[in-house]
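following is a predicted model, sequence given first.
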Amino acid sequence: MNATVFGAGNIGRGLVGVVLDELGYRLTFVDAQSELVSRLADAGTYEVRFSDGESRTVTDATYLDASDESAVVDAVASSSLIATAVGEAILMIVADPIGQGLAASEVDDVNVLACENVHPNSPLLREHVRSVFGGDVADRAGFPEVIVDRIVGSAPGSVELTTESAYEFIVDRSDWRGPEPAGGITLVDDISAYEKRKLWLVNGLHASMAFLGLQAGHTFAHEAMADRNVAAEVEGIANAMVQILETEYPDFPRGEFAQTAQTSLQRFRATELPDQLTRIARNPLPKLARDERVLGPAIEAASHDLPTAPFAKVIAAMLTIDDSTVVGVDDLRSAMDDGGWRSLLSDAPAPLLDEIERQMERQEGDEMVTREIVIANPAGLHARPAALIIEKAKTMSAKIQITKGEKSANAASMMSVLSLGGKTGDTVTVSAEGGDAAEAVDFICDLLTSTEAL
């Protein structure tokens, strides 16, 4: 079996290439970076080191410069699987050699997988092929929607890669041609639930952590997640996302959304693969689209009567980002100059827009009010006290957190507060930031130190 992979970068080799190599495909990588192609061809192999200490060396591979058009078309024509890991903007370009190769192909059951972080991805590539070569060519292969997920890193100038051990490679069964893969690639019937799960609970939380982390002065993801304030904000967003997804997809495996959220937070904390926040935050303007990873769940949180302040704080951080090293910041600034920031969020409800504006006005930062107390209330930090705290928090502009040990909770989220498991005699820290921070801290501390039963 032959496979052609357009894009020999981190995802192309560290995820797609490794999975296809394990499935027994003979690989051909195509890349426009001539220097990278030369290094790979000279090395003959490349090694992928996994976070669990294992490694894999890919030996049966050919490397082609994208400018060698005839060789690239021949590779496609002989392949039963064609994959891309090049970015959405390049799909239109690679559609030409893919279309030429499909037109010349005599291989049965060909599948084309656009492993791009955009949806639709493979169907979008099919339309590019169709627009140039017509339906007869575009219909010669399956173009199933695909979801891939893995953090991959590489040292400058090296062909070796370092990556997470775990990954996802999920493909829509309805458009897959031929036998089901023996492993590595998972075919599913309802890929929309998996798409939204990844967009929100991986990409959305990743972006939220990055913008809040940059705002707090951090450089790497693990540093941002070590900041209790940032971690509490992201955990609050995760809890809201999980509640919404569980409501929208009741048939999805029970507990899997919550598990995905927790796994994502743990991934962000990992120090084995330091991930720069400026990389994660790149291209902020497209991330503010209606159905994208931040604004989309924020709008749905508002419609479900869930707290929107954590989402608003992230969006405010995106709109006010001033790090010129973040790719795409200039595009965001130009769009805001043309029509104002509200024009970028035209689908958002008025209360959410007002909350974003309040968060932007507080970007200079209000003084943080913090108090450490011992819980004296007989009910501890359980149902009745938690309900009173949440009811109060929702009426206040301050962002309120309760911390016990290493875990922080968003005081406006019942799930988050109850997860602390605070009991009588436990020490907790109550902190708040905003115009009514002192009032918020006083209320919660008075409630939890009172010995009167609630």
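Right, received. Where do you want to start?

now do the helices in the stretch 151-300 of the chain.
With helices called from DSSP state H, counting those that start in this stretch, the stretch 151-300 of the chain shows them at 191-198, 205-215, 221-226, 228-248, 256-269, 277-280, 284-287, 295-303.

any chance of JSON lines for the ones you listed, columns distance to E452?
For the C-beta atoms, the positions are set from N, CA and C on the backbone; glycine is no exception. Putting the helices of the stretch 151-300 of the chain into JSON lines (distance: least, CB to CB, whole Å) gives the following:
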{"stretch": "helix 191-198", "distance to E452": "44"}
{"stretch": "helix 205-215", "distance to E452": "37"}
{"stretch": "helix 221-226", "distance to E452": "38"}
{"stretch": "helix 228-248", "distance to E452": "28"}
{"stretch": "helix 256-269", "distance to E452": "34"}
{"stretch": "helix 277-280", "distance to E452": "46"}
{"stretch": "helix 284-287", "distance to E452": "47"}
{"stretch": "helix 295-303", "distance to E452": "34"}
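
hey, which of those helices is tucked in deepest?
Highest mean neighbour count of the helices of the stretch 151-300 of the chain: helix 205-215, a mean of 26 (counted as mean count of other CB atoms under 10 Å).

mind listing the strands for the stretch 251-400 of the chain?
368-374, 399-404 (DSSP state E, counting those that start in this stretch).

model confidence score at S303, please.
For S303, the pLDDT comes out at 93.

check the residue nearest to it when sequence neighbours are not counted and give its pLDDT.
Nearest residue to S303, sequence neighbours excluded (CB to CB, 6 or more residues apart in numbering): P349, at 7.8 Å. Looking at P349, its pLDDT reads 95.

equivalent analysis for A438, please.
83.

kindly report the same for T271.
85.

run a quick neighbour tally on it.
11 (other CB atoms under 10 Å).

and it, how far is that from A226?
10 Å (CB to CB, to the nearest Å).

pull out the buried residues from the helix or strand harbouring D446.
Take DSSP states H and E as the rule and D446 turns out to sit in helix 437-449. Within helix 437-449, the residues scored as buried using 16 or more other CB atoms under 10 Å are A437, A440, V441, F443, I444, C445, L447, L448.

please apply the same query to stretch 56-67.
So for stretch 56-67, counting by 16+ other CB under 10 Å, buried means R56, V58, A61, Y63, L64, D65, A66.

and for the second one, nearest residue in space, chain neighbours not counted?
Spelled out, it's V58. D21 (4.8 Å).

now F211
F211 sits nearest to A317 (CB to CB, 6+ apart), 4.1 Å away.

how about that neighbour, what does it touch?
By CB atoms under 8 Å, 6 or more residues apart in numbering, A317 lies in contact with F211, L212, L214, Q215, Q363.

which residues are contacting stretch 269-282?
Contacts of stretch 269-282 (CB under 8 Å, 6+ apart): 51, 151-153, 162-164, 206-207, 209-211, 213-214, 218-222, 224-226, 268, 318, 321, 323, 325-328.

so which helix or strand takes in V5?
Going by DSSP H and E, V5 is part of strand 2-6.

starting from that strand, tell me the next helix or strand along the chain.
helix 10-11.

what average pLDDT does that next one get?
Helix 10-11 comes out at a mean pLDDT of 94.

for that helix, name the packing helices and strands.
Where contact means 3 or more CB pairs under 8 Å, 6 or more residues apart in numbering; DSSP states H and E, helix 10-11 is packed against strand 152-154.

how much space separates the closest residue to L27 other than its chain neighbours from G183?
In space, L27 comes closest to A61 once its chain neighbours are excluded; the distance is 4.1 Å by CB to CB, 6+ apart. Noted for A61: a distance of 19 Å to G183, by CB to CB.

one step back: of the buried residues of stretch 56-67, which belong to strands?
R56, V58, A61, Y63, L64, D65 (DSSP state E).

now the fifth one: closest residue in space, sequence neighbours ignored.
Spatial nearest neighbour of L64, chain neighbours left out: V30 (4.9 Å); criterion: CB to CB, 6+ apart.

give me the helices and strands touching the helix or strand hosting that neighbour, please.
Element membership of V30, judged by DSSP H and E, is strand 26-31. Packing contacts for strand 26-31, counted by 3+ CB pairs under 8 Å, 6+ apart, involve strand 2-6, helix 34-43, strand 61-65, helix 69-77.

pick the most deeply packed of the ones you listed.
strand 2-6 (a mean of 26).

any idea which helix or strand in this protein has the lowest mean pLDDT?
strand 152-154 (a mean of 85; mean pLDDT, DSSP states H and E).

contact partners of that one?
Contacts of strand 152-154 (CB under 8 Å, 6+ apart): N10, I11, G14, L15, E160, L161, T162, T163, E164, L273, P274, D275.

what about the first one, how many neighbours?
Applying the criterion other CB under 10 Å, we find 18 residues in the vicinity of N10.

surely it and E160 touch.
No - under the criterion of CB atoms under 8 Å, N10 makes no contact with E160, lying 11.2 Å away.

give me the pLDDT for the residue lying closest to V329 once chain neighbours are set aside.
Closest residue to V329 apart from its sequence neighbours, by CB to CB, 6+ apart: I321 at 6.0 Å. On pLDDT, I321 comes in at 92.

for I321, list the residues it contacts.
Counted by CB under 8 Å, 6+ apart, I321 has contacts F211, L214, Q215, A281, P284, V329, L332.

from those, pick the one nearest L381.
L381 has its nearest neighbour among those in Q215, at 28.7 Å by CB to CB.

hmm, which of the contacts of I321 is lowest in pLDDT?
Q215 (90).

shaky segments in the protein?
Under the criterion pLDDT under 70, the flagged ranges of the chain are 363-367, 435, 454.

on that earlier part again, of the ones in strands among the buried residues of stretch 56-67, closest to S80?
Nearest to S80 among those, with distances taken as CB to CB, is A61, at 16.0 Å.
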